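> no sequence on this one, just coordinates:
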Ligand code: NAD
């Protein structure tokens with residue numbers, strides 16, 4: 001199945017990036033959100049993203065004008081999806097909100113419409129029954145700053161049809177993603193299945209006083225050739241996100257190392273507003289973090 005008309009539901013951090021990226025690649029895109037006021041805020045992000053596309057992708061003014069012409073905005077769900085071949089859902093990461101959204105969407109979307117969720121931590125099978133079309137439902141997971149970090153993880157739930165999976169996989173390629181097929185449900189997809197344990201192991205080494213932050217990063221960088229180590233990555237992800245993930249794990253497991261890690265993140269970083277790249281300081285100081293010094297790896 002070839003998609004032409006795409007509706008992106010939720011115009012927040014990720015939703016708007018998905019809408020922009022999709023329009024940039026020539027699809028007709030409708031941006032849907034809960035009211036016109038929120039949609040006005042989304043429209044205001046156009047210029048910010050256009051500048052990022054100019055700087056990072058060398059996008060031309062003509063391409064950006066064409067992108068703008070492909071984007072329309074609608075706060076009426078039935079109207080927003082009436083011609084949709086594909087709805088990409090990027091509403092808040094809250095099961096209740098998502099279920100409520102799918103129940104409403106199922107009532108108004110045409111029978112042909114395929115649904116894809118961009119949820120980072122919730123599994124598509126949690127929502128499949130509410131879509132009214134489990135075979136036409138799949139996960140399509142993007143990373144923040146999708147034009148640069150262009151992974152498109154396409155993940156089946158047990159009821160996803162092969163046709164839906166393949167169509168969304170092709171679509172991901174058509175909008176400039178490196179499309180990554182995931183055949184079975186996996187919390188965290190591939191990227192977070194790899195990243196979360198790495199970052200957690202780095203925090204464990206540090207709070208158990210095995211080694212200091214720079215040594216842990218340096219080891220990883222020298223040994224694997226990676227341009228950044230786990231604490232450098234944590235600064236990009238944001239200390240608050242790391243705190244939230246570790247807090248959930250600490251509450252669930254009562255693991256003393258996790259509890260120590262959570263306390264360390266709170267008292268030494270969050271309470272001091274050292275939240276990572278976003279606030280100019282986290283484990284390193286920005287814009288020139290020590291791990292980029294030419295002597296760091298010596
Ligand atoms: P966000 O809070 O920035 O945006 C959510 C948007 O959804 C808001 O504009 C909100 O008004 C809107 N919304 C709320 N209720 C709605 C409803 N019933 N119908 C339509 N829109 C509704 O959230 P986000 O960071 O963009 O995350 C959205 C989804 O994308 C989540 O599932 C998240 O896991 C996933 N995701 C986020 C990131 C990230 O880095 N932020 C990365 C990958 C995936």
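It's in. Everything quoted here is computed from the prediction, not taken from an experiment.

> Got the phi and psi for whichever residue of the stretch 1-150 of the chain sits closest to the ligand?
Closest residue of the stretch 1-150 of the chain to the ligand, Cβ to the nearest ligand atom: residue 12 (1.7 Å). Just so you know, the C-beta spots here come from the backbone N, C-alpha and C atoms, and that holds for glycine as well. For residue 12, the backbone dihedrals (degrees, to the nearest 10) come out as phi -80, psi -150.

> In this structure it contacts residue 92, no?
Yes. Counting by Cβ atoms under 8 Å, residue 12 does reach residue 92; the two are 7.4 Å apart.

> These two: which is more packed in?
Shown here are residue 12 and residue 92; by other Cβ atoms under 10 Å, residue 12 has more neighbours (15 against 12).

> got a list of what the more buried one touches?
Shown in contact with residue 12 (Cβ atoms under 8 Å, 6 or more residues apart in numbering): 90, 92.

> Next one: the residue of the stretch 1-150 of the chain closest to the ligand relative to residue 39, how far apart?
Counting by Cβ to Cβ, to the nearest Å, the separation of residue 12 from residue 39 is 11 Å.

> Quick check: which ranges of this structure have low pLDDT?
Residue ranges of the chain with pLDDT under 70: none are present.

> Let me see the ranges of the strands in it.
5-9, 28-32, 71-74, 86-89, 114-117, 137-142, 151-155, 178-182 (DSSP state E).

> Buried residues, the fifth one. List them.
Read it as strand 114-117. Neighbour-count burial for strand 114-117 flags 114-117 (criterion: 16 or more other Cβ atoms under 10 Å).

> how distant is it from the center of its chain?
15 Å (Cα atoms, centre = their mean, to the nearest Å).

> now do the first one
On the basis of Cα atoms, centre = their mean, strand 5-9 is displaced by 17 Å from the centre of the chain it belongs to.

> So which elements touch that strand?
Applying 3 or more Cβ pairs under 8 Å, 6 or more residues apart in numbering; DSSP states H and E, we find strand 5-9 packed against helix 13-24, strand 28-32, helix 77-81, strand 86-89.

> quick check, the shortest one touching the ligand?
Right, strand 86-89. No. Taking Cβ under 6 Å from any ligand atom as the criterion, strand 86-89 and the ligand are apart, separated by no less than 7.5 Å.

> Mind listing what's buried along that strand?
Under 16+ other Cβ under 10 Å, the buried positions of strand 86-89 are 86-89.

> Just send those back as a markdown table, with distance to residue 184 too.
Shown next, in a markdown table, are these (distance: Cβ to Cβ, whole Å):
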| residue | distance to residue 184 |
| --- | --- |
| 86 | 22 |
| 87 | 23 |
| 88 | 21 |
| 89 | 21 |
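
> The chain against the ligand: which residues are in contact?
9-15, 33-34, 38, 90-93, 97, 101, 118-120, 142, 144.

> Now the buried members of the residues you listed.
For the residues of the chain next to the ligand, a burial check counting by 16+ other Cβ under 10 Å picks out 9-11, 14-15, 33, 38, 90-91, 101, 118-120, 142.

> Show me which helix runs longest in this structure.
helix 191-207 (DSSP state H).

> which helices and strands sit right next to that one?
helix 213-224, helix 230-237, helix 239-253, helix 256-264.

> Of those, which is nearest residue 56?
helix 230-237 (15.5 Å; Cβ to Cβ).
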